[in-house]
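*Asks:* Next one to model:
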Amino acid sequence: MSTFPPIADYAFLSDCEVSCLVAPDSAVEWLCLPRPDSPSVFGAMLDRGAGPFRFGPTNVRVPDQRRYIPGTMVLETTWHTPTGWLLVKDLLVMGPTSEGERRADYRRAPGEWVAMGSLLRVATCIEGQVDITVDCIPNFDYGRQGGRWEYTGPGYGALAVKDPSSDLTLTLTSNVQLETMGQRCMSQGTVRKGETAYVALSWGAKPIESIEDALSAVTATEQSWRDWLRAAQVPDHPWRRYIERSALTLKGLSYAPTGAIMAAGTTGLPETPGGERNWDYRYTWIRDSCFGLRSLYRMGFAWEAVHFFGFVLESVLGTEAEDTSTKPHLQIMYGIGGERDLTEHLLEHLSGWRNSKPVRIGNGAYDQRQLDVWGMLLDAIWTQTQRSNTQIAESTWEGIASLVDQAVDSRHEPDQGIWEVRGKPEQFTASKVMCWVAVDRGVRLAQERGDEERAKRWSAVAKEIKDEVLKEGVSEKGVFKQHYKTEDLDAALLLIPLMGFLPPDDKRVRDTVLAIADYLTEDGLVLRYRTDTTDTGFAGKEGTFTICSFWLVTALAMIGELDRSRALCEKLLSFAGPMLLYAEEIDTTTGQHLGNFPQAFTHLAMIEAIYQLTEGEAAAAAV
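*Replies:* Just a heads-up that it's a prediction; the model follows:
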């Protein structure tokens with residue numbers, strides 16, 4: 001039996017500057033500092049020797065219950081031991097923003113609440129008495145370097161350890177006596193009914209030095225998340241909790257200093273257990289910007305949408321990224337600070353989750369040619385202008401226009417497709433559709449600006465692209481196909497109705513959606529493609545892609561198949577992890593979640609699917 005917990009069993013914590021994953025046995029097994037894309041300090045999720053941080057009952061490893069405090073990112077775990085009951089709260093501390101004090105790492109002013117640079121763990125005995133253990137073993141640089149704990153005061157309640165390869169210093173404080181054994185900090189104690197113990201790990205911030213401060217930090221953090229969620233426009237529906245948890249997860253995957261939203265909080269979690277498809281997702285994909293802005297505006301989070309859009313535009317136009325030229329530089333993903341070089345490296349010393357090697361950092365797909373990226377970005381720009389009445393400056397418009405022209409110039413070229421396959425480039429149908437989206441949105445923007453010359457020129461190109469797709473991208477059966485030289489299906493074809501290439505009542509759209517539902521699924525859940533007929537560059541199978549399954553929910557609702565749409569949505573929601581979180585894939589034989597976690601794209605697709613389905617049902621009921 002593997003000692004690694006199932007991926008979906010981890011709880012996700014965030015303060016919008018860093019994030020961590022907590023295993024069911026209360027061990028923090030993933031935390032990267034000082035940014036979520038930095039090397040890990042605790043990496044036991046990827047190698048049992050790469051550092052855990054456990055705080056909980058001494059001889060019990062299976063909790064009675066785990067949940068998020070409603071409306072928050074505060075984890076509450078209830079433990080039943082032979083001698084009593086223990087309640088543990090885990091959180092990354094949020095606090096009120098200091099007035100008049102500018103944070104050098106922020107490009108924009110933070111909101112009312114900001115990260116305080118502390119991981120706090122508070123245990124309260126609610127019945128009997130419980131023996132508790134602290135076991136903190138930071139292993140810096142993805143488990144390659146240890147440190148040495150040293151006491152920082154006259155007592156036994158504070159220790160510090162320095163990362164040997166950086167200026168990062170961690171401080172551990174507690175109201176229980178801490179013992180040091182080189183790079184390991186341990187403690188054992190007993191809490192009785194009504195007593196509370198805490199332990200706080202801090203970096204670059206004032207450490208939490210009393211139980212009063214700890215309890216105050218819990219209250220403030222809970223309040224900060226509820227204050228944020230209060231703005232959400234969520235329908236009064238049985239599925240409300242899924243939308244709210246998805247909203248909190250997307251906020252948790254954001255990086256407040258820049259406005260970026262990561263694709264996921266992890267690297268190296270496999271698409272196939274023991275397989276090679278183990279990527280680093282701690283970056284921002286332009287693809288996510290299109291769906292991200294739609295979902296944020298739909299839920300009422302306009303300011304988050306503005307920040308995210310600002311980050312994307314700055315990264316592409318180079319005004320804040322490491323390249324300071326104003327010439328647009330569009331690639332499929334960027335670092336959360338706008339970085340453009342995401343060179344991939346292997347961490348060969350790590351065993352990987354359940355022996356899934358290699359573990360990668362960086363992402364070698366960052367400089368791939370993927371034609372969909374222009375369409376995703378232009379759709380995001382169009383969404384932003386329509387939802388926020390954004391006025392585009394002349395210099396920015398010239399940059400946007402050059403991106404449309406890039407899509408025009410690239411429309412005949414083969415690419416790696418939306419799924420970033422590492423095989424031979426092909427003329428992927430969905431890629432051509434997204435080129436059309438780029439030009440179509442460019443036409444709309446040009447018309448609004450009165451740029452008639454560009455609008456006329458691009459309109460002709462949009463018609464040319466559509467005509468080509470309808471000629472080359474449709475099979476003899478009247479179904480859209482993966483690329484021009486095959487009859488195979490591809491889940492990316494669901495973008496055809498989602499992005500407005502053709503209306504939902506077009507017979508080719510309807511037949512394609514139903515073909516994917518019937519022939520590109522396992523137990524009703526959608527595959528991206530058939531791995532035995534797609535040149536991915538890697539061997540082996542992969543699980544069903546949950547985002548594609550939620551896309552199918554949306555597409556079925558759009559073509560009027562509301563019963564099938566609801567049945568699939570209910571099935572997908574039943575597969576949610578214990579914390580209502582989703583990874584990238586679901587193995588239909590086990591229900592196991594696979595891939596990096598939690599996955600922003602999956603939660604974005606879920607939000608859109610639920611809204612589309614419920615709105616479709618409401619409209620049908622009103623007829």
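*Asks:* Now do the contacts for residue 505.
*Replies:* With contact set as CB atoms under 8 Å, 6 or more residues apart in numbering, residue 505 has these partners: residue 559. (Glycine included, C-beta is placed from N, CA and C.)
*Asks:* Spell out the secondary structure type for it.
*Replies:* Counting by DSSP: H, G, I helix; E, B strand; the rest coil, the backbone at residue 505 sits in coil.
*Asks:* Distance check, it against residue 497.
*Replies:* When distance is defined by CB to CB, to the nearest Å, residue 505 is 9 Å away from residue 497.
*Asks:* Disregarding flanking residues, what is the spatial nearest neighbour of residue 466?
*Replies:* Leaving aside its chain neighbours, residue 466 sits nearest to residue 436 (5.7 Å; criterion: CB to CB, 6 or more residues apart in numbering).
*Asks:* Confirm that neighbour sits in a helix?
*Replies:* Yes. Counting by three-state DSSP, residue 436 is located in a helix.
*Asks:* before we move on, back to that, residues in contact with both of residue 505 and residue 497, list them for me.
*Replies:* By CB under 8 Å, 6+ apart, the residues touching both residue 505 and residue 497 are residue 559.
*Asks:* what pLDDT does residue 185 get?
*Replies:* Per-residue confidence at residue 185 stands at 95 (pLDDT).
*Asks:* tell me, how many neighbours does the closest residue to residue 499 other than its chain neighbours end up with?
*Replies:* If the residues on either side of it in the chain are set aside, residue 499 comes closest to residue 437, at 5.1 Å by CB to CB, 6+ apart. Residue 437 has 26 neighbours, counted by other CB atoms under 10 Å.
*Asks:* swap in residue 169?
*Replies:* Count around residue 169 with other CB under 10 Å applied: 14.
*Asks:* Look up which residues are beta-bridged to it.
*Replies:* Beta bridges link residue 169 to residue 162, judged by DSSP bridges.
*Asks:* before we move on, back to that, enumerate every residue touching the residue nearest to residue 499.
*Replies:* Residue 437 sits in contact with 374, 375, 376, 378, 379, 499, 500, 501, where contact means CB under 8 Å, 6+ apart.
*Asks:* The second one belongs to a helix, doesn't it?
*Replies:* Yes. Note on residue 375: a helix contains this position according to three-state DSSP.
*Asks:* Torsion angles phi and psi at residue 248?
*Replies:* phi -60, psi -40 (degrees, to the nearest 10).
*Asks:* Report the contact partners of the closest residue to it other than its chain neighbours.
*Replies:* In space, and not counting its chain neighbours, residue 248 is closest to residue 73: 5.8 Å by CB to CB, 6+ apart. By CB under 8 Å, 6+ apart, the contact list for residue 73 reads 12, 13, 14, 91, 92, 221, 225, 248, 252.
*Asks:* that older thread, didn't the residue nearest to residue 466 look like it was pressed against residue 468?
*Replies:* No. If you go by CB atoms under 8 Å, residue 436 and residue 468 don't touch, sitting 9.2 Å apart.
*Asks:* re earlier: the residue nearest to residue 466: neighbouring residues, count only.
*Replies:* Around residue 436 there are 25 other residues, counting by other CB under 10 Å.
*Asks:* Who are the packing partners of whichever strand or helix holds residue 399?
*Replies:* Taking DSSP states H and E as the definition, residue 399 sits inside helix 394-410. Judged by 3 or more CB pairs under 8 Å, 6 or more residues apart in numbering; DSSP states H and E, the packing partners of helix 394-410 are helix 302-317, helix 372-388, helix 429-449, helix 452-472.
*Asks:* Can you pull the phi/psi pair for the residue of the chain positioned farthest from its centre?
*Replies:* Computed with CA atoms, centre = their mean, the maximum C-alpha offset from the centroid of the chain is found at residue 154, amounting to 43.0 Å. When read as degrees, to the nearest 10, the backbone of residue 154 gives phi -70, psi -20.
*Asks:* got a pLDDT number for it?
*Replies:* Looking at residue 154, its pLDDT reads 87.
*Asks:* now do the one 4 residues further on
*Replies:* Residue 158 carries a pLDDT value of 94.
*Asks:* is it true that it touches residue 173?
*Replies:* Yes. If you go by CB under 8 Å, residue 158 and residue 173 touch, sitting 4.9 Å apart.
*Asks:* higher neighbour count, the two?
*Replies:* residue 173 (24 against 19).
*Asks:* contacting residues for the more buried one?
*Replies:* 157, 158, 199, 200, 202, 207, 208, 209 are the contacts of residue 173 under CB under 8 Å, 6+ apart.
*Asks:* Go through the residues you listed and name the one nearest residue 404.
*Replies:* Nearest to residue 404 out of the contacts of residue 173 is residue 202 (CB to CB; 48.0 Å).
*Asks:* contacting residues for that closest one?
*Replies:* By CB under 8 Å, 6+ apart, the neighbours of residue 202 are 117, 118, 119, 170, 171, 172, 173, 208.
*Asks:* Keep only those of those that are in helices.
*Replies:* Among these, none falls in helices (DSSP state H).
*Asks:* Mind pulling up the pLDDT for residue 538?
*Replies:* Value listed for residue 538 in the pLDDT field: 57.
*Asks:* Next: the one 10 residues further on.
*Replies:* Among the per-residue scores, residue 548 shows a pLDDT of 96.
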